[in-house]
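A.B. asks: okay, sequence plus prediction incoming.
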There are 2 protein chains.
Amino acid sequence: MDKKIKVLGFAGSLRKHSLNRALLRTAVESKPDQMDIEIFELNDIPLYNGDVEKEGIPDSVKIFREKISESDSLLIASPEYNYSFTGVLKNAIDWASRSYPTEISPLHKKPYSIMGASGGMGGTIRSQMHFRQVGAHIDMYAMNKPEVYVTFASKKFNESGELNDEPTREHLKKFLASFYDWTMRFRDLQDS
Amino acid sequence: MDKKIKVLGFAGSLRKHSLNRALLRTAVESKPDQMDIEIFELNDIPLYNGDVEKEGIPDSVKIFREKISESDSLLIASPEYNYSFTGVLKNAIDWASRSYPTEISPLHKKPYSIMGASGGMGGTIRSQMHFRQVGAHIDMYAMNKPEVYVTFASKKFNESGELNDEPTREHLKKFLASFYDWTMRFRDLQDS
């Protein structure tokens, strides 16, 4: 671990006390030294509309696309809503996935990892599998292993959103160390 | 075919000249007499946010939920974005899928059918399969067959969004006749 890498993190939930936003903040505490993680909030991304896009890409979308471009990889956390990831996340990805004559999608050939926390025993398994299908179309590079499925998460995070579960924290550290390696493997794509 | 049924139709695209919105309008022309189809536009549904929900369900979401409640079944059309259905549609479903102490989700036990049109040869196959997984969680009743995958749709619809392809129109008629029967099969759930 030598080179510094920049990771952009974002969550599929907008709720202030969201477990998945808490998980993302915990990742920032658990990351290797050579990794910087910036968290981006999706609140201002409007519903995707091809007519709006034709008039001009909204500023919030432009900023999101720029932040993706400037990052070496993406760290995504999403709850599972209805056996899939959230509409909020899909909508942001739909915007960012667009390529234009003057600008290819910044998601193209971007390494990423996905993690999730849920109140029950599923840990967002189905949500993550749906995301991987979407990422495959965009030609994003998903890290396969390790996976992060935080089950019964409301018992593992306290009311301030702090993780009180050492095995989960240790697993997150391993996950992020692997994600550093995974990102480095594609580093030439960002350098070019 | 005796009883009249009410169908609520909505599309996953907001674009004015969307092929899928055109497909929905064509369905209105091709429906059996005993079926009414009202089209609902998703433009005003905000991004799902649990904090906003706690303050009070936005009016646009309330109206959407009421329209679903009042309908016997749902006719959904969606493009495929990134190997899945659109974030716009997922977001609307995420809102409508919520149950509250005083109000169960109006999607619960609702019969539906899904169709899609695409510019290429896929015809939204992957998009529809993702939707079926989501619908299963909500306990919506998906019609399995016939399916509607309108391939190379930009050649089948003219610039005004009118369908110029007789085999597709005939197929839509069969699809909607079957959907009438499918809806009637669950009619008791709406009557109760």
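C.D. replies: Structure's in. What do you need? Nothing here was measured: the structure is a model prediction, and the numbers come from that model.

A.B. asks: ok, the most far-flung residue of chain A relative to its centre to chain B distance?
C.D. replies: In terms of distance from the mean C-alpha position of chain A, A:Glu55 ranks first, at 28.2 Å (C-alpha atoms, centre = their mean). Distance, A:Glu55 to chain B, using C-beta to the nearest C-beta, to the nearest Å: 12 Å. Bear in mind the C-beta positions are built from the backbone N, C-alpha and C, glycine included.

A.B. asks: read off the pLDDT value for that residue.
C.D. replies: Looking at A:Glu55, its pLDDT is 97.

A.B. asks: for it, phi and psi?
C.D. replies: Main-chain torsions, A:Glu55, degrees, to the nearest 10: phi -70, psi -20.

A.B. asks: gap between it and B:Tyr81?
C.D. replies: In this structure, A:Glu55 and B:Tyr81 are 19 Å apart, going by C-beta to C-beta, to the nearest Å.

A.B. asks: same check, this time on A:Asp36
C.D. replies: Here the criterion is C-beta to C-beta. By it, A:Asp36 lies 30 Å from B:Tyr81.

A.B. asks: the most centrally placed residue in chain A in helix, strand or coil?
C.D. replies: By C-alpha atoms, centre = their mean, chain A has its centre lying nearest to A:Ile76, at 1.4 Å. Of the three states, A:Ile76 takes strand under DSSP: H, G, I helix; E, B strand; the rest coil.

A.B. asks: who touches it in this structure?
C.D. replies: A:Gly9, A:Phe10, A:Ala11, A:Gly12, A:Leu89, A:Tyr112, A:Ser113, A:Ile114, A:Met115, A:Phe131 (C-beta atoms under 8 Å, 6 or more residues apart in numbering or on different chains).

A.B. asks: contacts with chain B among the residues you listed, please.
C.D. replies: For chain B, the contacts drawn from these by C-beta under 8 Å from any C-beta of the partner chain are A:Leu89.

A.B. asks: between the contacts of A:Ile76, which is nearest chain B?
C.D. replies: A:Leu89 (7.4 Å; C-beta to the nearest C-beta).

A.B. asks: wait, A:Thr183 touches A:Ser73, no?
C.D. replies: Yes - checked against C-beta atoms under 8 Å, the pair A:Thr183 and A:Ser73 is within contact range at 4.0 Å.

A.B. asks: what residues are shared contacts of the two?
C.D. replies: By C-beta under 8 Å, 6+ apart, the residues touching both A:Thr183 and A:Ser73 are A:Ile5, A:Val7, A:Pro111.

A.B. asks: much appreciated, bye for now.
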